[in-house]
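Engineer: whatever this is, show me its structure:
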Amino acid sequence: MSTYPQQLNPRPGVTLILDPTRLVLAFKERPARELAVSSTVSELGLVPEGGETARAADTSQRQVINNTEFRYWVRSSAATALPEDMVERVQESFRDNLDWVGPVYRMENEEGLRAFVCLLPNVLLVKPTPTASQTGGNLAALLSRYGLSEVTEKSRYLGEYRYFVLDDPLAASSFDIRNQLLDAEPQLVQELRFESMPMVVPTASIPNDPLFAQQWDMTQIQAGGAGSTGWDISTGKNTVVICVLDEGCDLTHPDLQFSTPGINLGTMMPDGSPTGDHGTACAGIAAARYNNAEGIAGVAGNCRIMPLAFSTWSDTEVAAGINYATANGADVISMSFGWNAWDPAIIDPAIQNAYGNGLVMCVATHNYNGSITYPATNPLVIACGASDEVDNRKTPDSPDGEEWGSNYGPQISVVAPGVHIPTTDRQGSHGYNTDSGAAGNYYLAFNGTSAATPHVASLVALLLSVNPGLTNVQVRNIIEGTADKVGVVPYAKTPGYPNGTWNQEMGYGRINVLRALNRATQVSLRFPDLIRYLAWAWIIIIGGLMITPGGVLCIVCGVPIDAVGFIGYPAITFLGIGSIVLGVVGLTTSILEVTKGKSLN
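Structural biologist: Below is the predicted model:
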């Protein structure tokens, strides 16, 4: 275990301490059966971490260990420090099928299993110096001398960083190569970072038994139900794309429609099929088909979904997913997850890129009844908390009897329903509801800020459906400015929160679809639109002067116009008529472009 640094400070204020009782094992090929892996690790004095799930000491929520097809978390069966030669013994036991052995670190000031992270020993994220960046492909050739190979499919979506893997991580780990590069290649390398993989899948959902057969949440937010609702104005347009950045989606589900098959973020290749159950549930809340006599209706049931599937839930996958969505036509990204150990230096540039390209990002605050987790703390995203069935912040004391609470704090924007939410599930015996047949296609009690977040993301989609000219700033202003001031905690005018009264538990309040859509259809004339209107109007005026009869002076030279057309020239008359036609067409087109979002769906 002395192979790995005992303590790391990957960024200011964050300290990682090596856990001597834990390891991550990665294989080149998927073991024939997980039982065989368990049997072998048992002989080494190891046990699989928590089996498939683990119960955190501080909450009642079910936490899923982040095992993949090829990676397994293990720990000492005696809960004591592993022997110094454990890595060598693991290599000997698994021989040629072992890809690498990774260290597990614990993040200070973080509680429970979510404190643990593996810094992958086979990956380095390289930020080249400006000089090296200009050499392009030469950097990869130079770094190959250190046993590094670039994965260009991942580098493409990581901004300034380039993604390199070690050819033989058992011979030399990323920790060893990092030190060598920093010492020997300062002219090539400006910065080197590790890829971080969480022990616990960082989704913000709380699966539970089915309790309700109706979508109370849609009535609560005035999307549907009796009386005037948001769906009277719009159920979304299929040109608007909601990226569900998650565990992929059931691509053949009859109640979901997709803009693209998506990709797996581990391979950066198609498609976005499920790597877990969570993504399909989030997608249904956002955009289950509307009015199709099938299952449920999502908030934006006529919009389409872009499914992106995490493989390891690492920070590079988060960044690559955001950048992929930005580059491939998403309008809004729904992110029902959060974890404080991810590296903001990797993820924040992707958020900035998406924001700069006009996307709206909605991120869950999480379910620990404490402070908000990253990346919901980034000010460019909408931090989404969960409300309960009586319109308060979801807490362990909520009348639903479930012992979890929505995280809250100064970054919170709005809340949305997050308990007992009916939604789509992976079909048949897969997913949260394992009933066979069509009954297994839905789950009636999806919970957490994971459920709240797609409510907000799909409201974004509805706003862009009725008014595609809205900027991401305007969309956020509308959502925050039209939220209902519900709950027992009073709201107040607060410096730094410009869109109305606010509190740190509910933000600006619980979203209201009807009020938001009404606000969006009250199209405001932006300054660039005004300039465009005036330009076309001026062309019409000039054309009119060209064909004005006698008695009017030419505005250019002051010569009296004594006949139809400028000083009697038929050619000028023709030009004047053409100018009027051009101006009328241009002005009409401009007005339609700005106001077309007012049409109803």
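Engineer: how about low-confidence regions in this structure?
Structural biologist: 1-2, 32-36, 51-62, 134-137, 205-213, 523-530, 546-571, 591-601 (pLDDT under 70).
Engineer: can you list the domains in it?
Structural biologist: 7-115, 123-193, 216-520, 527-598 (automatic domain parsing).
Engineer: most packed of those?
Structural biologist: Mean neighbours per residue, mean count of other CB atoms under 10 Å, is largest over these for domain 216-520, with a mean of 23. The way it works is simple: take the backbone N, C-alpha and C, and place the C-beta from them, glycine included.
Engineer: any idea whether residue 534 is helix, strand or coil?
Structural biologist: Using DSSP: H, G, I helix; E, B strand; the rest coil, the structure places residue 534 in helix.
Engineer: what sits closest to residue 378 if chain neighbours are left out?
Structural biologist: Of all residues not flanking residue 378 in the chain, residue 351 sits nearest, at 5.4 Å (CB to CB, 6 or more residues apart in numbering).
Engineer: roughly how far apart are the one you found and residue 343?
Structural biologist: 13 Å (CB to CB, to the nearest Å).
Engineer: which one's the longest helix in the protein?
Structural biologist: Longest helix of the chain, by residue count under DSSP state H: helix 570-595.
Engineer: one step back: what would the domains of the chain look like in JSON lines with distance to residue 203?
Structural biologist: Below are those laid out as JSON lines (distance: least, CB to CB, whole Å):
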{"stretch": "domain 7-115", "distance to residue 203": "8"}
{"stretch": "domain 123-193", "distance to residue 203": "21"}
{"stretch": "domain 216-520", "distance to residue 203": "5"}
{"stretch": "domain 527-598", "distance to residue 203": "33"}
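Engineer: nearest to residue 200, out of those?
Structural biologist: domain 7-115 (4.7 Å; CB to CB).
Engineer: can you show me the CA trace of stretch 475-483 as PDB?
Structural biologist: C-alpha atoms of stretch 475-483 as PDB (Å, rounded to 0.1, in the frame of the first residue of the first chain):
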ATOM      1  CA  VAL A 475     -35.500  31.300 -18.800                       C
ATOM      2  CA  ARG A 476     -34.000  31.200 -15.400                       C
ATOM      3  CA  ASN A 477     -35.500  34.600 -14.500                       C
ATOM      4  CA  ILE A 478     -39.000  33.400 -15.600                       C
ATOM      5  CA  ILE A 479     -38.800  30.100 -13.600                       C
ATOM      6  CA  GLU A 480     -37.600  31.900 -10.500                       C
ATOM      7  CA  GLY A 481     -39.900  34.900 -10.900                       C
ATOM      8  CA  THR A 482     -43.100  32.800 -11.300                       C
ATOM      9  CA  ALA A 483     -42.500  30.200  -8.500                       C
END
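Engineer: contact partners of the host helix or strand of residue 89?
Structural biologist: If you go by DSSP states H and E, residue 89 is part of helix 86-94. With contact meaning CB atoms under 8 Å, 6 or more residues apart in numbering, helix 86-94 is reached by 1, 3, 23, 25, 27, 40, 43-44, 83, 98, 101, 170.
Engineer: switch the cut-off to 10 Å
Structural biologist: Here helix 86-94 makes contact (CB atoms under 10 Å, 6 or more residues apart in numbering) with 1-4, 20, 23, 25, 27-28, 31, 37, 40-41, 43-46, 74, 76, 82-83, 85, 98, 100-103, 121, 170, 173.
Engineer: which strands or helices does the strand ranked longest in the chain pack on?
Structural biologist: Counting residues, the longest strand in the chain under DSSP state E turns out to be strand 14-27. Counting contacts by 3 or more CB pairs under 10 Å, 6 or more residues apart in numbering; DSSP states H and E, strand 14-27 packs against strand 7-11, helix 34-43, strand 46-48, strand 71-76, helix 86-94, strand 98-107, strand 116-119, strand 196-198.
Engineer: circling back to that earlier point, who touches both of residue 351 and residue 343?
Structural biologist: With CB under 10 Å, 6+ apart as the test, residue 351 and residue 343 both reach 318-319.
Engineer: using CSV, write out every CA atom in the longest strand of the chain.
Structural biologist: Provided in CSV are the C-alpha atoms of strand 14-27 (Å, rounded to 0.1, in the frame of the first residue of the first chain):
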residue,chain,number,x,y,z
VAL,A,14,-9.8,19.6,-0.3
THR,A,15,-7.7,16.9,1.4
LEU,A,16,-7.8,13.3,0.4
ILE,A,17,-6.4,10.7,2.9
LEU,A,18,-5.5,7.2,1.7
ASP,A,19,-7.8,4.5,3.2
PRO,A,20,-5.5,1.6,3.9
THR,A,21,-8.4,-0.9,4.1
ARG,A,22,-9.8,-0.5,0.5
LEU,A,23,-8.9,-1.1,-3.1
VAL,A,24,-10.6,-1.0,-6.6
LEU,A,25,-9.9,-3.9,-8.9
ALA,A,26,-10.2,-3.4,-12.7
PHE,A,27,-10.2,-6.2,-15.2
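Engineer: so what strands line up beside that strand?
Structural biologist: Strand pairing for strand 14-27, determined by DSSP bridges: strand 7-11 (antiparallel), strand 71-76 (antiparallel), strand 98-107 (antiparallel).
Engineer: contacts only, for residue 28.
Structural biologist: 70, 94, 96-100.
Engineer: residue 461 against residue 299, yeah?
Structural biologist: Yes - look at residue 461 against residue 299 with CB atoms under 10 Å: they come within range, at 7.8 Å.
Engineer: what residues are shared contacts of the two?
Structural biologist: Residues touching both residue 461 and residue 299 by CB under 10 Å, 6+ apart: 236, 242, 286-287, 454.
Engineer: out of those residues, name the ones that lie in helices.
Structural biologist: 286-287, 454.
Engineer: is it possible to get a markdown table of those residues that adds distance to residue 116?
Structural biologist: Rendered in a markdown table, the data for those read as follows (distance: CB to CB, whole Å):
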| residue | distance to residue 116 |
| --- | --- |
| 286 | 31 |
| 287 | 34 |
| 454 | 28 |
